[in-house]
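Trainee: I'll drop the sequence and a predicted model, then ask my questions.
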Amino acid sequence: MLKIQCSIFNDHRKNINCFTTNCFNMDILEKIVAHKKAEIEPFKKLSPVSRFENEGFFWEIQTRSLVHHLLLPNSTGIIAEFKRKSPSKGWFKTKELEVEPVVTAYNKSAAGISVLTDNEFFGGDLDDLIQTKVVTDIPVLRKDFIVDPWQIAEARAFGADVILLIAACLTPAQVKEYAAYAASIGLESILEIHNEEELGHICEEVSMVGINNRNLKTFEVDINTSLQLRKFIPAGKPVIAESGITNVETIVSLRQAGFLGFLIGENFMKADTPAIAFADFIDQLNAKAHEIESMRQHSAGTGESL
C-alpha cells in the first residue's frame, strides 16, 4: 500500500483517535456534529490554513471536475463510495481492507469516487483520501461533516477535488460562504439536502445538489425522497441521488427524472469483494442501457412509442 510521508499528514493522523463522544441525549446527526466541532479544534491550532497552503501535498495540483465527468456523453454517473462502517449498520470492512484494490476498480467506470474521512462514526481517515487520489484519475469527493472553513482547506491539502456541504449541519449563509471559499481554492461542492425545508440552502455558489434518501436523524432510507425533491432544484444545477440505490432499474428511473449522478456506497462495500460487486453492477448497467437502446431503435423503426 502506498504511503505518503509528510509532517502535516503525520501530525493529523497520530491525533485522530484522541476524541470520544459523550452526547447520549442527542440524535445521531447532533452527536456527529458535536464530536466534529470538538475534534477539529486542536488541529486548527496545529495546522492553520497557512500551513496547508505551504506544506499541503496536493495544494498546487490541478483538481479534477466532477461536474465535467458527470456531463460526459458516456458517463455512468456513478459516484462509487469507499467507507468502512456507518452508524446504522456498523462495520462493513475492517481497517485491514486496503483502499487501492477497491478504488482502482471504481476508477475504471465510475464518474467519481467518494471517500469517508470521518473516523469516529465511519471508520475512515485522511489516509484513505490520499491513497485514493494518488492511484486514480477521476474526481475524488471528501465526504465528511464540514462545520468549519478550515476543513475545506484541509480537504484541498489532502487531495480532495470535491467537498460535501450538508444542509442539516449548516445555515444557508454558511453554505454560501463555504461553497464560495471552496471554489476560490479550486474545489467543487455538493450541497446535500434531505427535505423541502432545506431547499432554501441552495445557492449559486454550490456546484451541485445532492438529494440524500437517508434521513440523517433516523437513518431510514426512502428513494422517493429524490424523486419528490428533484422538481424543486433550479435548472442547470447538476443533481445527484444519494443512498438507497441497489439496482440498475433505480438508476434508469432516476435518469428519467433528470438526475446526472448516483452516489452508491453500502451496496458495494457490504459485498465480500467490493471491486467485484462494482464490476458486476457496471455490467448490469451496460446491459440495461443496451436493452433500452434496442427498444428505442425498434420503436423508431415501427413507429411505436416506448
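Mentor: Good, I have the coordinates.

Trainee: let me know the secondary structure of the closest residue to Arg84 other than its chain neighbours.
Mentor: The shortest distance from Arg84 to any non-neighbouring residue, by CB to CB, 6 or more residues apart in numbering, is to Gly123 (3.5 Å). Where C-beta positions appear, they are placed from N, C-alpha and C, glycine not excepted. Here Gly123 is recorded as coil under DSSP: H, G, I helix; E, B strand; the rest coil.

Trainee: Gly123 is in contact with Pro87, isn't it?
Mentor: No - at 10.4 Å, Gly123 and Pro87 do not qualify as touching, with contact defined as CB atoms under 8 Å.

Trainee: of those two, which one has the most company?
Mentor: Neighbour tally, Gly123 and Pro87, criterion other CB atoms under 10 Å: the higher count belongs to Gly123, 20 against 15.

Trainee: tell me how far the more buried one lies from Ile79.
Mentor: 19 Å (CB to CB, to the nearest Å).

Trainee: try Gly265
Mentor: With CB to CB as the criterion, Gly265 and Ile79 are 9 Å apart.

Trainee: neighbour count for these two, which is higher?
Mentor: Of the pair Gly265 and Ile79, Ile79 is the one with more neighbours under other CB under 10 Å, namely 30 against 23.

Trainee: residues contacting that one?
Mentor: Contact analysis of Ile79 by CB atoms under 8 Å, 6 or more residues apart in numbering lists 66, 110-114, 141, 240, 261-264.

Trainee: tell me, what's touching Gly265 and Ile79 both at once?
Mentor: Ser114.

Trainee: would you mind pulling up the elements that the longest helix along the chain packs against?
Mentor: Secondary structure of the chain per DSSP state H: the longest helix is helix 274-302. With contacts taken as 3 or more CB pairs under 8 Å, 6 or more residues apart in numbering; DSSP states H and E, helix 274-302 sits against strand 78-82, helix 99-109, helix 248-256, helix 266-269.

Trainee: can we see that at 6 Å?
Mentor: helix 99-109, helix 248-256, helix 266-269 (3 or more CB pairs under 6 Å, 6 or more residues apart in numbering; DSSP states H and E).

Trainee: got TSV for those, with mean pLDDT, distance to Val135 and mean neighbour count too?
Mentor: Formatted as TSV, the helices and strands packed on helix 274-302 follow (pLDDT from 0 to 100; distance: least, CB to CB, whole Å; neighbours: other CB atoms under 10 Å):
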stretch	mean pLDDT	distance to Val135	mean neighbour count
helix 99-109	97	5	19
helix 248-256	96	26	16
helix 266-269	93	17	22
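
Trainee: adding distance to Gly159, write those out as CSV.
Mentor: Listed next are these as CSV, based on distance: least, CB to CB, whole Å:
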stretch, distance to Gly159
helix 99-109, 12
helix 248-256, 28
helix 266-269, 20
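
Trainee: for Glu30, which of those helices is the nearest?
Mentor: helix 266-269 (22.4 Å; CB to CB).

Trainee: show me the contact partners of that closest one.
Mentor: 83, 92, 246, 274, 277-278 (CB atoms under 6 Å, 6 or more residues apart in numbering).

Trainee: what does stretch 121-135 give?
Mentor: So stretch 121-135 is in contact with 4, 12, 16, 32, 83-85, 87, 99-100, 103-104, 113, 115-119, 140, 142, 158-159, going by CB under 6 Å, 6+ apart.

Trainee: in the protein, which spans are strands?
Mentor: For the chain, the strands defined by DSSP state E occupy 78-82, 85-86, 90-91, 112-116, 140-143, 162-166, 188-193, 208-212, 239-242, 261-264.

Trainee: which one of these is the most hemmed in?
Mentor: strand 140-143 (a mean of 29; mean count of other CB atoms under 10 Å).

Trainee: quickly run through the sheet partners of that one, with directions.
Mentor: strand 112-116 (parallel), strand 162-166 (parallel) (DSSP bridges).

Trainee: now the last one: mean pLDDT?
Mentor: What that stands for is strand 162-166. Mean per-residue pLDDT for strand 162-166: 98.

Trainee: that strand to strand 188-193, inter-axis angle?
Mentor: 20 degrees (axes from the mean of the first three to the mean of the last three CA atoms, to 10 degrees).

Trainee: how far out from the middle of the chain is strand 162-166?
Mentor: 7 Å (CA atoms, centre = their mean, to the nearest Å).
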